[in-house]
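**Q** Got a predicted structure here, sequence first:
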Amino acid sequence: MILDRILEHKKAEIRHKSSRGYLAELKTKIRDAGPTLGFAVTLDARRTPTRPALIAEVKKASPSLGLLRPEFEQRFEPVGIAEAYREHGASAVSVLTDKDFFQGQLDYLADVKGRVGLPALNKEFMVADVQFYEARAYGADAVLLIVAGLEKRQLIDFAALAKELTLDVLVETHHERELDIVLEWLPDVRMIGINNRDLKTFSTDLGVTLRLAKRIPSDKLIVSESGIHKREDVVRLVEAGVHAMLIGESLIRAQDIGVKIRELLGDEPKEEAR
């Protein structure tokens with residue numbers, strides 16, 4: 001299964017980052033960094049009853065598709081992509097930092113946050129404390145906790161560490177049992193993500209969001225992730241009560257990012273000045 005392979009590889013990768021010197025270096029960077037931006041607060045402020053907030057993802061590759069655009073082989077410009085997202089109405093950005101399966105880098109996160117200024121989610125497979133210090137040191141405002149890849153105690157401890165580092169948490173679920181774990185063990189969590197992609201098979205089904213959203217209390221921000229490709233998808237999510245959506249592949253692969261965002265959000269094209 002793909003998720004299991006990623007997690008095992010991630011644990012091996014983290015073992016090489018376990019030195020005290022590296023952690024001390026990260027803590028120094030954090031001390032010199034400015035305050036985090038409110039990721040959840042921004043999503044809440046930017047959404048409307050008919051228009052979910054957009055978390056637009058900077059993503060070079062995926063395990064199932066490889067490079068998302070052929071030209072990324074020679075040139076990948078995460079800052080340029082994120083600037084286009086900001087210009088056309090994204091409320092926040094998500095930056096893939098996994099190297100081996102998604103061809104990401106922590107430097108992409110730092111560059112995007114430093115140049116673009118939107119609240120940033122570090123999209124990573126979190127398995128160890130040091131990754132939270134990395135996220136904060138490289139400019140993240142929020143981190144992802146994937147219920148399918150963590151034990152209950154890890155979820156609780158990681159959520160507490162994120163709070164200590166002033167990082168918001170997006171807790172990702174895919175099944176009812178995972179959602180029940182979140183509601184029972186992390187009652188104070190503000191953002192609950194529903195991943196329409198099965199991380200074991202990488203197939204997507206928007207019906208996952210439509211099903212799980214009904215079970216989420218009204219005081220939570222519901223974020224639908226993956227498999228969102230057209231305006232009709234967004235309309236279905238709005239009708240299900242979704243507050244924000246995380247979209248990557250359909251934006252990255254679009255010929256024109258701005259046109260694609262307007263299509264998804266139902267915005268009218270801007271008239272040319274005469």
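**A** All right, it came through fine. This one's a predicted model, so the numbers in the text were calculated from it and none came from an experiment. Numbers count the residues shown, from 1 in each chain.
**Q** For the closest residue to Ala110 other than its chain neighbours, the count of nearby residues, please.
**A** Closest residue to Ala110 apart from its sequence neighbours, by C-beta to C-beta, 6 or more residues apart in numbering: Tyr138 at 4.5 Å. In short, each C-beta sits where N, CA and C put it, glycine included. Counted by other C-beta atoms under 10 Å, the residues lying close to Tyr138 total 25.
**Q** what does the one 5 residues further on give?
**A** If you count neighbours by other C-beta under 10 Å, Val143 ends up with 26.
**Q** Name the residues that touch the strand or helix carrying it?
**A** Assigned by DSSP states H and E, Val143 belongs to strand 142-146. Contact with strand 142-146 is made by 3, 39-40, 92, 119-126, 131-132, 135, 155, 158-159, 162, 167-172, 191, 193, 195, 199, as judged by C-beta atoms under 8 Å, 6 or more residues apart in numbering.
**Q** Among those, which lie within helices?
**A** Among the contacts of strand 142-146, the subset assigned to helices under DSSP state H consists of 3, 39-40, 131-132, 135, 155, 158-159, 162.
**Q** Report the buried members of those.
**A** 3, 39-40, 131-132, 135, 155, 158-159, 162 (16 or more other C-beta atoms under 10 Å).
**Q** which one among those residues gets closest to Val208?
**A** Leu3 (15.3 Å; C-beta to C-beta).
**Q** pLDDT weak spots in the protein?
**A** 268-274 (pLDDT under 70).
**Q** can you give me the strands for it?
**A** Taking DSSP state E, the strands of the chain run over residues 53-58, 61-62, 66-67, 92-96, 120-123, 142-146, 168-173, 191-195, 221-225, 244-247.
**Q** can you map out the helices along the stretch 151-274 of the chain?
**A** 152-164, 176-185, 207-212, 231-239, 249-252, 257-265 (DSSP state H, counting those that start in this stretch).
**Q** Not counting its own residues, what contacts the first one?
**A** By C-beta under 8 Å, 6+ apart, the surrounding residues in contact with helix 152-164 are 126, 129, 132, 143, 145, 147, 150, 168-169, 171, 181-182, 185-186, 189.
**Q** filter those to the buried ones?
**A** Buried among these by 16+ other C-beta under 10 Å: 126, 132, 143, 145, 147, 150, 168-169, 171, 181-182, 186, 189.
**Q** so which of those comes closest to Thr28?
**A** Phe132 (15.6 Å).
**Q** residues contacting that closest one?
**A** So Phe132 contacts 126, 143, 158, 161-162, 165, 167 (C-beta under 8 Å, 6+ apart).
**Q** Tell me the spatial nearest neighbour of it, not counting adjacent residues.
**A** Using C-beta to C-beta, 6+ apart, the nearest residue to Phe132 is Leu161, at 5.1 Å.
**Q** Contacts for stretch 9-16 next, please.
**A** 98-101, 125, 127-128, 130-131.
**Q** In the residues you listed, find the pair that's most separated.
**A** Phe101 and Val130 (18.9 Å).
**Q** So what sits opposite Gly144 in the bridge?
**A** For the record, residue 144 is Leu, not Gly. Leu144 forms beta bridges with Leu170, as assigned by DSSP bridges.
**Q** Look up how far Lys123 lies from it.
**A** 6 Å (C-beta to C-beta, to the nearest Å).
**Q** Check Ala24 too.
**A** Taken as C-beta to C-beta, the span from Ala24 to Lys123 is 26 Å.
**Q** more neighbours, these two?
**A** Taking other C-beta under 10 Å, Ala24 and Lys123 do not tie; Lys123 has more neighbours (26 against 11).
**Q** would you list the contacts of Phe132 in a markdown table and tack on distance to Lys60?
**A** As requested, the contacts of Phe132 are exported to a markdown table (distance: C-beta to C-beta, whole Å):
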| residue | distance to Lys60 |
| --- | --- |
| Met126 | 20 |
| Val143 | 20 |
| Phe158 | 26 |
| Leu161 | 28 |
| Ala162 | 25 |
| Leu165 | 26 |
| Leu167 | 23 |
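**Q** So of those, which two are at opposite extremes in space?
**A** Met126 and Leu165 (12.2 Å).
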